[in-house]
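Novice: dropping the sequence and predicted coords here.
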Amino acid sequence: MKLTRKELGELIFEAIVTMTIMYFLLMGFYLIFNQVVQSPPEFLPQIHSLWDVILFIDFIVIEYKFIILVSALLFSVFFTWWRLFRRYKQMQLRHILDELHYIASGNFDHRIEADLNGDMNDVVNSINTLVESTVEAMEEERKIEQSKDELITNVSHDIRTPLTSIIGYLGLIEDKQYSTFEDVERYIHIAYVKALQMKVLVDDLFEYTKVRQTSTPLNYTRINLGNFLEQMAAEFELESAKQEMAIEVIMESEPLMIEADVDKIARVFSNLISNALKYGKGGSWIKIVVDKVGSEALISVKNNGPKIPEEALEELFGRFYRVESSRSHQTGGTGLGLAIAQSIVALHGGYIYAESNENETKFVMRLPLEQTPN
């Protein structure tokens, strides 16, 4: 901590005052004692034991006068240093309190800068660490609030579009603005399709909010990952045949047993395979490649569809993100599928990321083979 001119002046003044006081105290003691010896009160010589002690001290003072003066000087210096040290510590504490008040007034980017030693330095470091943690917590809270606002905005936008259509077509029927019964059937069909879109969005939103909570309970079951993925691929045989895309499961390590919540992990692979079929237009295959790496399962869901732009890869797992919004609406996507998948993988203690180039697009995930009890 650098002393200000005012604080330095206070220390110098403190030193002068302390040395002066000590000097006059010592000189006063010496003069009073000398006066007592030279002109003792009448009663003092009559008390032989006390008078003998005084005479002995007087002898010591005269005999060792130089040593006593030097000792007194050293004592004065030590006492003065002790007083200045305490004063300096008080200044340090005052400086820290002033800095804290400055930070508390809203200057959360400010940090206490002080070159201190010992416990005071630990205190300053602890305060700076606490301020940083508080700022991070406030920033996280701000992001959460912003995230909630964005969630409400996106949900409102995605629900409003089909809801407007439903109200519009049902309004035509209510006002009898139709010519034939076929018109009524067409209006009802469009309203029904839009209602299904809203149901998909609501279901996905409900699932997303559930898996985002770290306290979400998981029902772990030990399964054969190869057999499980073969069943998942079989569920998409009809749709993949329509898209003329072959689905293949490739097990590099078999048998491979893993502990997982079957329903939730099934949702992950369902989302990944569905995305590959919806957005892998022009591709001819989907491959699920599985290998064992240490105590983890390395799983890649690949397809040879169009390349995902580099700038979109990092945003893929965000809520309601669509690489191409028009295409997503055509395919019925809510923009929550990959966000749900990422949250489920995280609940299992793993992680997922995407890579894409001209030859293939793949989603890679790592999942622990065994779950550690909490």
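Specialist: Arrived safely, thanks for sending.
Novice: tell me where the stretch 201-350 of the chain has helices.
Specialist: Taking DSSP state H, counting those that start in this stretch, the helices of the stretch 201-350 of the chain run over residues 225-235, 237-242, 262-279, 310-313, 325-331, 337-347.
Novice: pull the contacting residues for residue 89.
Specialist: residue 120 (CB atoms under 8 Å, 6 or more residues apart in numbering). To be clear about C-beta, it is placed using only N, CA and C from the backbone, and glycine gets the same treatment.
Novice: what's the answer for residue 14, then?
Specialist: Per CB under 8 Å, 6+ apart, neighbours of residue 14: 83-84, 87.
Novice: now it, what's its secondary structure?
Specialist: Three-state assignment for residue 14 (DSSP: H, G, I helix; E, B strand; the rest coil): helix.
Novice: same question for the one 10 residues further on.
Specialist: When classified by three-state DSSP, residue 24 comes out as helix.
Novice: distance of residue 50 relative to residue 26?
Specialist: 23 Å (CB to CB, to the nearest Å).
Novice: quick one, which of the two is more surrounded?
Specialist: Remark: of residue 50 and residue 26, residue 26 carries more neighbours, 16 against 12, as counted by other CB atoms under 10 Å.
Novice: which residue packs closest to the more buried one, ignoring adjacent ones?
Specialist: residue 72 (4.8 Å; CB to CB, 6 or more residues apart in numbering).
Novice: where along the stretch 101-250 of the chain do the strands fall?
Specialist: 220-224, 246-251 (DSSP state E, counting those that start in this stretch).
Novice: what strands line up against the longest one, and which way round?
Specialist: Okay, so that is strand 246-251. In the sheet, strand 246-251 lines up against strand 285-293 (parallel) (DSSP bridges).
Novice: mean confidence for the strand it pairs with?
Specialist: Average pLDDT, strand 285-293: 93.
Novice: ok, now stretch 106-118?
Specialist: For stretch 106-118, mean pLDDT rounds to 75.
Novice: please apply the same query to stretch 266-282.
Specialist: So the average pLDDT for stretch 266-282 ends up being 88.
Novice: distance from that stretch to the middle of the chain?
Specialist: 32 Å (CA atoms, centre = their mean, to the nearest Å).
Novice: just grab the bridge partners of the residue lying closest to residue 248 once chain neighbours are set aside for me.
Specialist: Excluding the flanking residues, the one nearest residue 248 by CB to CB, 6+ apart is residue 287, at 5.1 Å. Residue 287 has the following beta-bridge partners by DSSP bridges: residue 248, residue 302.
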